[in-house]
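>>> Here is my input; please provide its structure:
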Amino acid sequence: MRILHTADLHLGRAFNNMSLEDDHRAILDQILECIILQRVDVLVIAGDIFDRAVPPASAVRQFNTFLTQVANQTNAAVVMIAGNHDSGDRIGSMAIMTDTNRALIRGPLNVEEAPLIVNDSHGPVAISALPFSHEYAARECFGNESINTPEDVVTAQITSARRHLPDGARWVVVAHAFVAGAKGSEGERPLARVGGLETVRPEVFDGAHYVALGHLHRPQSIRTEHIRYAGAPLAFGFDEAGEPKSMALVDLWPDGTTTISTIPFVPPRTIRIVRGKLADLVLAEPSSDFIKVILTDEKPLIDPMKRLREVFSNACGLIYARDEQISTVNATLPPLARINDPIQVVGDFLEHVRNERLADAELALVDSAFDDLQKLEDRA
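Okay, the predicted model is just below:
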């Protein structure tokens, strides 16, 4: 069975107040083309379909047009879940009156995590779609007051999903989470409360033949190839400049093993950082890419951005090279938002002292200690 794994479309998002609607249209066209050319059996969208809970009408129309094309021009089944940027109710409403033999669309939590069953010549494949949920909603759904972390939420979903697996079926899990060992970027919104433990251990997904993840924007596998983030199709920050974007084409074999290949996205505009003297940069080839400029001129120049935008129409950041060192020093100081996060402060301090981050077990211990202190303070 052939699965196309995508995630984190973030339709409706802008880059530095510049619309990405045309960029997203090109990306959706490339996904549709891949489904057709690669004869994909199942399209997976692992959350963050939209960039916010109430997306602009143009983004909703754009996605509806895309789904209509998938339905009319291909035979692929569709599995998609709400991410932390989405409204679960909005995504869930798309499931009303859909063909349940061909689509599994999950918005709000459900105590019964029934999979979509897709058959090929080698038997059934069960696809469990686990939408993102905050802890308070999961406690209510599963009737379990001990759910306190994102891992507790996913564990409850996985436990329910296992009960619905047909005997002998290959199992695919779709989830939206921060799995321990993965590398994040500037564009992701935290999934846990301030000071809480955000990550989910990979062992939670034991038994699944492929885990299609969303939330992190860099394409990457976690420990083993079968636990994978598709990544976002577009870069949303200059920390992602130059990083390849792709969708994952997954061949699921009769014995449950997988072969994964990546299909590169070709966005109409990329994110780049250029460096040099103003006199040289204004002679460069004109570009509509999103550009951050690092000027190496020693003296300040009068309105250099105006001249740069004559060449780089979407230039949206400028810094002098001489100021980079100051920025680097300032970056080592904890910003105010992080000072209010004691877990982050402890982690930063230990990384500075021993040159490595807190391990998951250490994070859990520190988190537990701060919870105990908070309870003592509440009683006082």
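>>> At the geometric centre of the protein, which residue sits there?
residue 215 (2.4 Å; Cα atoms, centre = their mean).
>>> my guess is it contacts residue 190, does it?
No - look at residue 215 against residue 190 with Cβ atoms under 8 Å: they stay out of range, at 10.3 Å. Placement of C-beta: from N, CA and C, glycine included.
>>> For residue 12, give me its contacts.
Residue 12 makes contacts with 50, 51, 52, 55, 56, 58, 59, as judged by Cβ atoms under 8 Å, 6 or more residues apart in numbering.
>>> Setting the sequence-adjacent residues aside, check what's closest to the last one.
If I follow you right, that is residue 59. Using Cβ to Cβ, 6 or more residues apart in numbering and skipping residues adjacent in sequence, the residue nearest residue 59 is residue 12, 3.4 Å away.
>>> so which of the contacts of residue 12 comes closest to residue 294?
Lowest distance from residue 294 to the contacts of residue 12 (Cβ to Cβ) belongs to residue 51, with 28.1 Å.
>>> Verify the stated contact: the closest one with residue 15.
No - if you go by Cβ under 8 Å, residue 51 and residue 15 don't touch, sitting 11.0 Å apart.
>>> of those two, who's got more company?
Between residue 51 and residue 15, counting by other Cβ atoms under 10 Å, residue 51 is the more crowded of the two (21 against 18).
>>> if we can go back for a sec, for the residue nearest to the centre of the chain, give me its contacts.
If you count contacts by Cβ under 8 Å, 6+ apart, residue 215 has them with 7-8, 46-48, 83-84, 132, 176-178, 188, 191, 229.
>>> how does it look with 10 Å?
Residue 215 sits next to 7-8, 46-48, 83-85, 132, 150, 175-179, 182, 184, 188-189, 191, 198, 229, 231-232 when contact means Cβ atoms under 10 Å, 6 or more residues apart in numbering.
>>> Ramachandran angles for it?
With angles defined as degrees, to the nearest 10, residue 215 sits at phi 120, psi -50.
>>> what does residue 59 give?
Note on residue 59: backbone dihedrals following degrees, to the nearest 10 are phi -70, psi -40.
>>> and the gap between it and residue 266?
Distance from residue 59 to residue 266, counting by Cβ to Cβ, to the nearest Å: 21 Å.
>>> just residue 108 next, same as before
From residue 108 over to residue 266 the distance is 35 Å, taken as Cβ to Cβ.
>>> Have a look at those two and say which one is more surrounded.
residue 108 (14 against 11).
>>> what about the residue nearest to that one when sequence neighbours are not counted, neighbour count?
Spatial nearest neighbour of residue 108, chain neighbours left out: residue 88 (4.4 Å); criterion: Cβ to Cβ, 6+ apart. Neighbour count for residue 88, taken as other Cβ under 10 Å: 21.
>>> contacting residues around residue 88?
Contacts of residue 88 by Cβ under 10 Å, 6+ apart are 53, 81, 82, 106, 107, 108, 109, 131, 132, 133, 134, 137.
>>> Please tabulate the residues you listed in TSV and include pLDDT, secondary structure and distance to residue 67 as additional columns.
Formatted as TSV, those follow (pLDDT from 0 to 100; DSSP: H, G, I helix; E, B strand; the rest coil; distance: Cβ to Cβ, whole Å):
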residue	pLDDT	secondary structure	distance to residue 67
53	95	coil	19
81	98	strand	14
82	97	coil	15
106	97	strand	15
107	96	coil	15
108	95	coil	19
109	95	coil	23
131	98	coil	17
132	97	coil	20
133	95	coil	23
134	94	coil	27
137	95	helix	26
